[in-house]
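Asks: Kindly generate the corresponding structure for this input.
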Amino acid sequence: MYETHAAVIGTVITDPVKRETASGEAVMSFRMASNVRRRDRESGDWVDGGTLYLTVSCWRRLVQGVGASLMKGDPIIAYGELRTNEYRTRDGDPRTDLEMRASAVGPDLARCSVRVDRSGRLRVGSSSDEAAVEAAAVGEAATCDRNGHGSGEVADKDVDEGVASLTG
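Replies: The predicted structure is shown next:
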């Protein structure tokens, strides 16, 4: 079992890929990179240091959130259990891969801004009309573009009207 927990700040370097295990459980995986930067005292310039690469695997409820939210290039913070996988390439060369079994993944708000979609919290009744309004609210929620700017924004009054029609 995994025992070392860590938080890694970095960038998604591959689009997340969803697959199923032999038992039918969904897992979403992607690669991320974390770069070290430091200021050179002599030149005053920022210098790149080493890069940590790791595979992040997401299970259960995290699969849906990551699949709907992340893509290559996104700045993220991932937290989970670390382990190394040792294997041999087809040529017989030994390799080691660092893997994180994530328990939390989110945007790095120091490098982007997002608008949180809270429409999933609406749990009012079960009529098909209410479900349709809730689904519409989910579909119209604003998202963060790759430059960290909101796009497709819906006015708060539109969301409030959708909630009002659900509750009253």
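
Asks: Show me the protein divided up by domain.
Replies: As recorded under automatic domain parsing, the domains making up the chain are 1-112, 113-168.

Asks: Give the rounded mean pLDDT of the shortest one.
Replies: Read it as domain 113-168. Taken as a whole, domain 113-168 has a mean pLDDT of 47.

Asks: cool, and stretch 22-32?
Replies: Stretch 22-32 comes out at a mean pLDDT of 96.

Asks: what are the ranges of the strands in the protein?
Replies: With strands called from DSSP state E, the chain shows them at 4-12, 17-20, 26-39, 46-59, 75-88, 94-107, 143-144, 150-151.

Asks: Among the ones you listed, which comes closest to Asp117?
Replies: Nearest to Asp117 among those is strand 143-144; the distance by Cβ to Cβ comes to 8.1 Å. C-beta: built from backbone N, CA, C; applies to glycine.

Asks: can you tell me how far the residue lying closest to Met100 once chain neighbours are set aside sits from Thr4?
Replies: Among residues not flanking Met100 along the chain, Gly80 sits closest, at 4.4 Å (Cβ to Cβ, 6 or more residues apart in numbering). In this view, Gly80 and Thr4 are 10 Å apart by Cβ to Cβ, to the nearest Å.

Asks: Between those two, tell me which one has more neighbours.
Replies: More crowded of Gly80 and Thr4, by other Cβ atoms under 10 Å: Gly80, with 24 against 10.

Asks: Hmm, Glu99 and the residue nearest to Met100 touching each other?
Replies: No. Applying Cβ atoms under 8 Å, one finds Gly80 not in contact with Glu99, separated by 9.2 Å.

Asks: Thanks a lot, see you next time.
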